[in-house]
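Trainee: Quick one: sequence plus predicted model below, questions after.
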Amino acid sequence: MSAAAAGLAARSSQVLRGAAALYGSTVVTAALGFAFWALSARLAIPAQVGAAAAAIAAMQLIGSACTLGLGSLLISELGRDRAARFRLVSAALLVSAGAGLLVGGLGAGGYGWLSAGGWAPAAGGSALYTSAAGVALFAVGCAAQAATNVLDLALVGAGRPGWQLLRNAAFAAGKLALLLPVAALGNLSATAVFGCWVAGSVASVLVVLARTPARRRWLRRPAGPVALRGLGGQAFGHHIINVSAHVPSLVLPMLVASLLGNARNAGFYLAMQIASFGWAITTHLSTALFAVSAREQDRLRRDLRLSLAVTAAVTVAGVVGAAVLGRWVLGLLGPAYPHAWAALVLMAAMTLPAGIKALFISVCRVRGRLGLAGAATVGSSAVEIAAGWYGARHGVTGVAAGMMVAVCAQAVLMWPMVAGAAGLRRWPPGPRWRPPGQRRAAREPA
């Protein structure tokens, strides 16, 4: 075997290992996450579950915003300079956690002040926002969310996908294990559910730290933000893409809670959690592709074709499963949740168009077209939120129907680039993309 062939085989196996680890994280976190919400639904009243879901969605939104694109930046940078890994990762974790702590504290405190003044509706979990301890808990949760988001991508970029799987498994198992003892102390409130989530996140970082051979080095003073000098432009581009791509799934539960009430939001949020089993598959595969810088056109074409086939199969299985078993599964959670069955079927059907969007982002990243990916994701996410808001007049089914129309429309617009990269027939037809080096060579005279 030639050196080039050996290198290609190594990189290809790295793609498979990274994708497998991310898939494993999805299965573990989704399964244990569903168990977490199922147990919460049994131990707490629907209003408290809905309030906790809205608070966690707000924390995830702030945490995603406070990653500042540093996780995706680390994916592209860690493979280039192994000697700088500690400096880059520690600086990124410090910046993201600090931003999450600041923004989360100010956001929770500001919302609590408005609620106390009657400017905003009080939520069932308002203790998170109206007491010093609650505001501090919410701020710590936002810091942990931001830091763990960055850490997960850093582990993938550093070639440690198994550690990423370990962290997510520890997080999912830890928060679930805390529910019963916390509930035994009294009625399970929204604040208690939120606290279990945050505690599991913090514990998962400690588990990864215990596995790190050089943990003494990590416990010393980390590198400061100056270590990221000169990388702000790339980080900003990735940040716009990452945040805008995930905003709808984080904003819509808060919107449903505000417009339809916490009890209705509980069913909507749990239906979304079930549907996320399918949504995450293509997203994780696209992340694995980007992590190994899959720039060879032939390999990218094969991987995209496989991703599209897998996404289509997952969509069919998800729709059939949701249609046949969805009402029963939601009924296991309690009599207040089967109303979200139709929404669950619609969200399961969104797997294919949502997958096309994820692959579109991956192709843009591989080709260095961060501006196009950012503009497309910002616009499509805004339309998806607006469509969900408009559909809310017809209940949670209307919200899901609005989301479905929006993601299908954006998939039609994004399909030409994905099809072209995959070597499939596309409409409208366009010129074949070539790497910049080949384009320059074609323009030069022979």
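Mentor: Arrived safely.

Trainee: tell me, what residue is most central in this structure?
Mentor: The centroid of the chain falls nearest to H246 when counting by Cα atoms, centre = their mean (6.0 Å).

Trainee: Secondary structure element for L155, which one?
Mentor: helix 132-157 (DSSP states H and E).

Trainee: what distance separates that helix from the centre of its chain?
Mentor: Relative to its parent chain, helix 132-157 has a centroid offset of 13 Å by Cα atoms, centre = their mean, to the nearest Å.

Trainee: May I see the buried residues of it?
Mentor: For helix 132-157, a neighbour-count test (16 or more other Cβ atoms under 10 Å) marks 134-157 as buried. C-beta coordinates here come from the backbone N, C-alpha and C atoms, glycine included.

Trainee: Show me what that helix is packed up against.
Mentor: helix 3-43, helix 46-65, helix 70-78, helix 85-116, helix 127-130, helix 161-184, helix 190-211, helix 262-291 (3 or more Cβ pairs under 8 Å, 6 or more residues apart in numbering; DSSP states H and E).

Trainee: go again using 6 Å as the cut-off
Mentor: In terms of contacts (3 or more Cβ pairs under 6 Å, 6 or more residues apart in numbering; DSSP states H and E), helix 132-157 is packed against helix 46-65, helix 70-78, helix 85-116, helix 127-130, helix 161-184, helix 190-211.

Trainee: Just the mean pLDDT for that helix, thanks.
Mentor: Helix 132-157 shows a mean pLDDT of 87.

Trainee: swap in stretch 94-105?
Mentor: 91.

Trainee: How far off centre is that stretch?
Mentor: With Cα atoms, centre = their mean, you get 18 Å for stretch 94-105.

Trainee: again with stretch 25-36
Mentor: Counting by Cα atoms, centre = their mean, stretch 25-36 comes out at 14 Å from the chain centroid.

Trainee: Pull out the C-alpha coordinates of it and format them as PDB.
Mentor: Output of stretch 25-36 as PDB, limited to C-alpha atoms (Å, rounded to 0.1, in the frame of the first residue of the first chain):
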ATOM      1  CA  SER A  25     -23.300  10.000  22.300                       C
ATOM      2  CA  THR A  26     -26.600  10.700  20.600                       C
ATOM      3  CA  VAL A  27     -28.100   7.300  21.500                       C
ATOM      4  CA  VAL A  28     -26.900   7.500  25.100                       C
ATOM      5  CA  THR A  29     -27.900  11.100  25.800                       C
ATOM      6  CA  ALA A  30     -31.200  10.700  23.900                       C
ATOM      7  CA  ALA A  31     -32.200   7.500  25.700                       C
ATOM      8  CA  LEU A  32     -31.100   8.600  29.100                       C
ATOM      9  CA  GLY A  33     -32.500  12.100  28.400                       C
ATOM     10  CA  PHE A  34     -35.800  10.600  27.500                       C
ATOM     11  CA  ALA A  35     -35.700   8.600  30.800                       C
ATOM     12  CA  PHE A  36     -34.900  11.900  32.600                       C
END
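
Trainee: Measure how the helix holding L155 sits relative to helix 190-211, angle-wise.
Mentor: The directions of helix 132-157 and helix 190-211 differ by 40 degrees, with axes from the mean of the first three to the mean of the last three Cα atoms, to 10 degrees as the criterion.

Trainee: can you tell which of the helices and strands packed on helix 132-157 is closest to A31?
Mentor: Proximity to A31 (Cβ to Cβ) singles out helix 161-184 among these, at 7.8 Å.

Trainee: For the closest one, output the C-alpha coordinates as PDB.
Mentor: Output in PDB follows, covering the C-alpha atoms of helix 161-184 (Å, rounded to 0.1, in the frame of the first residue of the first chain):
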ATOM      1  CA  PRO A 161     -14.100  11.000  20.300                       C
ATOM      2  CA  GLY A 162     -14.200   8.300  23.000                       C
ATOM      3  CA  TRP A 163     -13.700  10.900  25.700                       C
ATOM      4  CA  GLN A 164     -16.500  12.900  24.200                       C
ATOM      5  CA  LEU A 165     -18.800   9.900  24.400                       C
ATOM      6  CA  LEU A 166     -17.700   9.300  28.000                       C
ATOM      7  CA  ARG A 167     -18.500  12.900  29.000                       C
ATOM      8  CA  ASN A 168     -22.000  12.800  27.500                       C
ATOM      9  CA  ALA A 169     -22.700   9.400  29.100                       C
ATOM     10  CA  ALA A 170     -21.600  10.700  32.500                       C
ATOM     11  CA  PHE A 171     -23.700  13.800  32.000                       C
ATOM     12  CA  ALA A 172     -26.900  11.800  31.000                       C
ATOM     13  CA  ALA A 173     -26.500   9.200  33.700                       C
ATOM     14  CA  GLY A 174     -25.600  11.700  36.400                       C
ATOM     15  CA  LYS A 175     -28.600  14.000  36.000                       C
ATOM     16  CA  LEU A 176     -30.900  11.000  35.900                       C
ATOM     17  CA  ALA A 177     -29.400   9.500  39.000                       C
ATOM     18  CA  LEU A 178     -30.000  12.700  40.900                       C
ATOM     19  CA  LEU A 179     -33.700  12.900  40.200                       C
ATOM     20  CA  LEU A 180     -35.000  10.300  42.700                       C
ATOM     21  CA  PRO A 181     -33.000  11.500  45.800                       C
ATOM     22  CA  VAL A 182     -33.900  15.100  45.000                       C
ATOM     23  CA  ALA A 183     -37.600  14.200  44.600                       C
ATOM     24  CA  ALA A 184     -37.400  12.300  47.900                       C
END
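
Trainee: Any buried residues in it, and which?
Mentor: 161, 163-179, 182-183.

Trainee: gap between the residue nearest to S25 when sequence neighbours are not counted and L372?
Mentor: The spatially closest residue to S25, leaving aside those adjacent along the chain, is N168, at 4.2 Å (Cβ to Cβ, 6 or more residues apart in numbering). Distance, N168 to L372, using Cβ to Cβ, to the nearest Å: 31 Å.
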